[in-house]
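# Dropping a prediction and its sequence here:
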Amino acid sequence: MSTPPLSLPFLSEAIALERSRTLGEPDWLRDERVAAARLAASMPAESNVLFTPYFDLRPMRFDEIGVYADAGVAPDTAAELPEGAAAYLHIRENAVVARAISPVAREAGIFLGTFAEALAERPDVLRAAIEGGASLPADDAFAQAARAVASLGLLIHVPEGLSLGAPIVLRWDLGTAGRGVVSRTVVSVGRGARASLLEVMGDADATEAGHAQSLWWGTSEVVLGEGASLSVASEQDFDPSTIAIVNRQSRIGDDATLELALASVGARFHKSRIDNLLVGRGSTVRQVEIGFGSGDQIFDLTSYTRHIGRDTTGDLLSKGVFTDRSRGFIKGLIDIRRTAIGTDSYLGEFGMLLTKKSRSVTVPSLEIDQPDCRRAAHSSSVGPIDEGQIFYLMSRGLDRDTARKFIVLGFLEPVVERIPLPEAQDRLRGLLEAKWPTVLPGAAAA
Amino acid sequence: MTDTRELVQDRRAEYAFHDDIVYLHESGRGLSRQTVEEISALKGEPDWMLQLRLRAYEHFEKRAMPTWGGDLGRIDFGKIVYYRKPSEREEKSWDDVPEQIKKTFERLGIPEAERKFLAGVGAQYDSEVVYHSVREELSKLGVVFMGTDQGLKEYPEIFRKHFGTVVPAEDNKFSALNAAVWSGGSFVYVPPGVEVPLPLQAYFRINGENTGQFERTLIVVDEGASVHYIEGCTAPIYATDSLHAAVVEVVALPGSKVRYTTIQNWSNDVYNLVTKRAHAHERATVEWIDANTGSKLTMKYPSIYLRGRGATADIISVAVAGHEQHQDTGAKVVHLAPDTRSRIVSKSVSKDGGRATYRGAVKVSPGATNVVASVRCDALMLDAESRSDTYPYIDIQEDDTTLTHEATVGKISADQIFYLMSRGLTENEAQNLIVQGFLEVFTKELPMEYAIEFNRLVKLEMEGSLG
């Protein structure tokens, strides 16, 4: 059964045109929006019938969310560079409020700015990355919706040959309850360049977020040139009443490598779709993703790994831990095309349920047109916390609840350890620990 | 290579034949309310069955075609003959079976198989059971093994109590179609505590161009009883498409054990759209051993609902998809009770442009505590023209579930072939041997003569594959 098209109060061809006018965009960008609005209207909200049984938008109240019609840069964005970072950009609601770039990175030619700034300073880079919808999946209504009506656009450009040891930090804050921002973030890493990106998403002022839903809707559109390497780490800790929607698509060139380490802790509903396009010969993606749900949270995490070039490698690991009444829908597809000789692809999806009312759904799928591969496999498991491990830790003097907590945090650690900045790592550990419910069934016995 | 090609011939033609039968009754092409009423009247059915058929027909008309799975776009429901009755009554003894039909069965080796090994035979020729015998000892044990139509007449209570409870007509479009026009199939009842010592076997065949075959099988195994039911099929080849939409319902009452084995080898123009489902009550064990080598498109996912505490499900699903074939097969287990166990093993081979799809689901419902489940899917692709898909759904709603799932897709390694060829095998023989080894998890579960037959089928499939 296919789903109806995505129906949103802030999505139409007219709104797409209006956005383009408001932001004073060139014709080609306006045409992008119009094409996207038409595409979004022409397809079901979930275009893959494989996943429609586990596609549910009911928790979202789009009608009640006031989506920003414009975006911009605050008059004074001067800020101090966080320790250990090469560059820093802070977005609050629909505006860039702080920006800092290390002198070295600036000198080397790194660019970090809005579409408006990019159109003035790096028009060719932006256009090459996104024109014709090349940077977003054509079969995804959400991606096309963002392409049609996004008010905030960001470009991060790491030019050819540049090697950045320190990460670029991108901080997103939602503020006013009931408001929403739709944005696009384009990351272009030139031939042989190396960079890392840390995204930190949360609410500036948690007390301000009330019962009205807020919306963070964004993209990460990555282009990796030959031999380039990018490592992306993300910590999502929105307020429990926020809706978070993200599309990440990466086109990975010859011998290029993408690493993704994505952690989702917050939001009422977190919907993520990842498309890794292994186009180049010898290209690689390594992705680890975790979701820790509590309360009524829903994590809807979909990833497509498309092996197109020869000798490509995909290594994906998703882990979900769910307490209370939270739910996880972890859906994945490895797609090995006929051209993809010599593929090595692995997809692992693992769930851990901590309470009786929680739920874990995993759909680790394979579609294979080329048998000449090094490996094409997936595995999945769902299980309770291992009693043997609990026993071992208790014999070392921990109480039962602490032992359980340690085991769960250990289960998620493979993602935490791939967060680039020690400070951000510790922050994520703190977030995960804070998710730990105060009273757990079975904990009283300890 | 050329030499090898000459040595191995495709012997499929031997199994593709068509006998000219004079049908005593034919429902004409197409489906209407009247067709349904006519079928029911011809069979002299009770009113409740007629009403059930009519409700199912209404649902079939309303229900949309599935948008997932294989390509169903070429099925023309208006061209199908929904009912054919080749001879007037069911035959009790082999001698009474009409000569023409007998010849067909003899080519399939049925009487021989029966003499040697089998407990009973129900051979379905098109739509009606024409030949049926149950060994005397089974009759003495109280085991019922007969055509479904006869079952409705002779065991109305058991029949009505269970019919349509495992697979409701409204379950899907094809179960609705089957409920509306079903004809033939087997009815099995095993009384409490009875262990049927030998497998019960039924041979199914489709004959006649555009004949839809809608058999309905109902197996009820009472408390503590056990039975092994075997179904195998071959069909003649025709130019236009045939439809086979069967429904199999298995009720495994507390403490019983049921094994249902299928070797599906329909000819390559048949749409094989089958709903097979079992209910396993307390401590019951249900096993589906299911192999699909034939048909143009098969969509079949034998399923087990574990309804009673301590019930066990075991499904082995094997598929071989050759030229222009799509095997969309798999398995489904729903854990509804505590302490239930399940295992799914799937093996598929795709070659010569064929497509093998595993589609499966394991669900653990709230209340089904202490569940242990495992799924294993392996696929072998013999060339780059073929395709292999794996679509597993795992939905867990109890926190103490232990579930594991593993899947791999690969090809035959050149090293393996080289080694076997160095031992004097031809390339084709080597491939054949490796494929047989890959599928052994299935073959070893079969009675001996079936294992031989299945290996022969695989060999026939493989022989057409050189190039």
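Looks like it arrived, so ask away.
# how far does stretch B:245-257 sit from the chain's center?
Chain-centre distance of stretch B:245-257: 13 Å, with Cα atoms, centre = their mean, to the nearest Å.
# and if you look at stretch A:157-165?
On Cα atoms, centre = their mean, the centre of stretch A:157-165 falls 22 Å from that of its chain.
# buried sites along it?
By neighbour count on 16 or more other Cβ atoms under 10 Å in any protein chain shown, the buried set for stretch A:157-165 is A:157-159, A:162, A:164. For glycine as for every other residue, the C-beta is placed from the backbone atoms N, C-alpha and C.
# How about the contacts made by residue B:453?
Each residue near residue B:453 by Cβ atoms under 8 Å, 6 or more residues apart in numbering or on different chains is listed here: B:232, B:263.
# for residue B:283, same thing?
Contacts of residue B:283 by Cβ under 8 Å, 6+ apart are B:254-255, B:308-311.
# coming back round to it: of the buried residues of stretch A:157-165, just say which sits nearest to chain B.
Comparing these against chain B with Cβ to the nearest Cβ places residue A:158 closest, at 36.0 Å.
# Can you verify my assumption that that closest one contacts residue A:191?
No - Residue A:158 lies out of contact with residue A:191 (Cβ atoms under 8 Å); the separation is 10.5 Å.
# picking up where we left off before, which ones among the contacts of residue B:283 lie within helices?
Among the contacts of residue B:283, no member falls in helices (DSSP state H).
# Straight-line length of stretch A:319-337, end to end?
Start and end residues of stretch A:319-337 are separated by 26 Å (Cα to Cα, to the nearest Å).
# Can you give the distance of that stretch from its chain's centre?
Worked out by Cα atoms, centre = their mean, stretch A:319-337 lies 14 Å from the chain centre.
# In the stretch 1-150 of chain B, which residue sits closest to chain A?
For the stretch 1-150 of chain B, Cβ to the nearest Cβ, closest residue to chain A: residue B:68, 4.7 Å.
# With respect to chain A, which of the contacts of residue B:283 is nearest?
Checking these against chain A by Cβ to the nearest Cβ gives residue B:309 as the nearest, at 17.4 Å.
# Chain neighbours aside, what residue packs nearest to that closest one?
residue B:337 (4.9 Å; Cβ to Cβ, 6 or more residues apart in numbering or on different chains).
# What about the one you found, how many residues nearby?
Residues near residue B:337, counting by other Cβ atoms under 10 Å in any protein chain shown, number 21.
# Can you name the residues of the stretch 151-300 of chain B that neighbour chain A?
On the criterion Cβ under 8 Å from any Cβ of the partner chain, chain A has no neighbours in the stretch 151-300 of chain B.
# Find the nearest non-adjacent residue to residue B:416, please.
Among residues not flanking residue B:416 along the chain, residue B:434 sits closest, at 5.8 Å (Cβ to Cβ, 6+ apart).
# That neighbour sits in which helix or strand?
Taking DSSP states H and E as the criterion, residue B:434 maps to helix B:427-438.
# Which strands and helices lie in contact with the helix or strand containing residue A:347?
Element membership for residue A:347, per DSSP H and E: strand A:344-353. Applying 3 or more Cβ pairs under 8 Å, 6 or more residues apart in numbering or on different chains; DSSP states H and E, we find strand A:344-353 packed against strand A:298-307, strand A:313-322, strand A:327-336, strand A:359-368, strand A:375-383, helix A:400-416.
# Let's see that with 7 Å instead.
Packing partners of strand A:344-353 (3 or more Cβ pairs under 7 Å, 6 or more residues apart in numbering or on different chains; DSSP states H and E): strand A:298-307, strand A:313-322, strand A:327-336, strand A:359-368, strand A:375-383.
# could I get these as CSV with distance to chain B?
Formatted as CSV, the helices and strands packed on strand A:344-353 follow (distance: least, Cβ to the nearest Cβ, whole Å):
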stretch, distance to chain B
strand A:298-307, 12
strand A:313-322, 9
strand A:327-336, 8
strand A:359-368, 4
strand A:375-383, 4
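# TSV please, covering those and showing mean pLDDT and mean neighbour count.
Below are the helices and strands packed on strand A:344-353 laid out as TSV (pLDDT from 0 to 100; neighbours: other Cβ atoms under 10 Å in any protein chain shown):
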stretch	mean pLDDT	mean neighbour count
strand A:298-307	96	25
strand A:313-322	94	24
strand A:327-336	95	25
strand A:359-368	94	25
strand A:375-383	90	22
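# The strand holding residue A:347 - what's its average pLDDT?
Confidence for strand A:344-353, expressed as mean pLDDT, is 93.
# How about stretch B:149-162?
94.
# ok now do the one residue in the stretch 251-400 of chain B that gets nearest to chain A, which residues does it touch?
The stretch 251-400 of chain B approaches chain A most closely through residue B:381 (3.3 Å), counting by Cβ to the nearest Cβ. Each residue near residue B:381 by Cβ atoms under 7 Å, 6 or more residues apart in numbering or on different chains is listed here: A:368, A:371, B:350, B:388, B:409, B:411.
# Could I get the CA-only coordinates of stretch A:251-261 as PDB?
The C-alpha trace of stretch A:251-261 is given here as PDB (Å, rounded to 0.1, in the frame of the first residue of the first chain):
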ATOM      1  CA  ARG A 251      28.200  11.500  -3.400                       C
ATOM      2  CA  ILE A 252      31.600   9.800  -2.800                       C
ATOM      3  CA  GLY A 253      34.200  10.100  -5.500                       C
ATOM      4  CA  ASP A 254      37.100   7.800  -6.500                       C
ATOM      5  CA  ASP A 255      39.100   6.700  -3.500                       C
ATOM      6  CA  ALA A 256      37.200   9.100  -1.300                       C
ATOM      7  CA  THR A 257      36.100   8.200   2.200                       C
ATOM      8  CA  LEU A 258      33.100   9.300   4.300                       C
ATOM      9  CA  GLU A 259      32.700   8.600   7.900                       C
ATOM     10  CA  LEU A 260      29.500   9.200   9.700                       C
ATOM     11  CA  ALA A 261      28.900   9.000  13.500                       C
END
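# Can you spell out which helices and strands pack onto the helix or strand harbouring residue A:142?
Applying DSSP H and E as the criterion places residue A:142 in helix A:141-149. Applying 3+ Cβ pairs under 7 Å, 6+ apart, one finds that helix A:141-149 contacts helix A:13-22, helix A:27-42, strand A:179-189, strand A:214-224, strand A:242-252.
# Can you tell me what sits against it?
For helix A:141-149, the surrounding residues in contact (Cβ under 7 Å, 6+ apart) are A:5-6, A:8, A:10-11, A:15-16, A:19, A:32-33, A:36-37, A:39-40, A:43, A:45, A:47, A:133, A:136-137, A:182, A:184, A:217, A:219, A:245, A:247, A:273.
# what is the orientation angle of it with helix A:13-22?
Angle, helix A:141-149 to helix A:13-22, by axes from the mean of the first three to the mean of the last three Cα atoms, to 10 degrees: 40 degrees.
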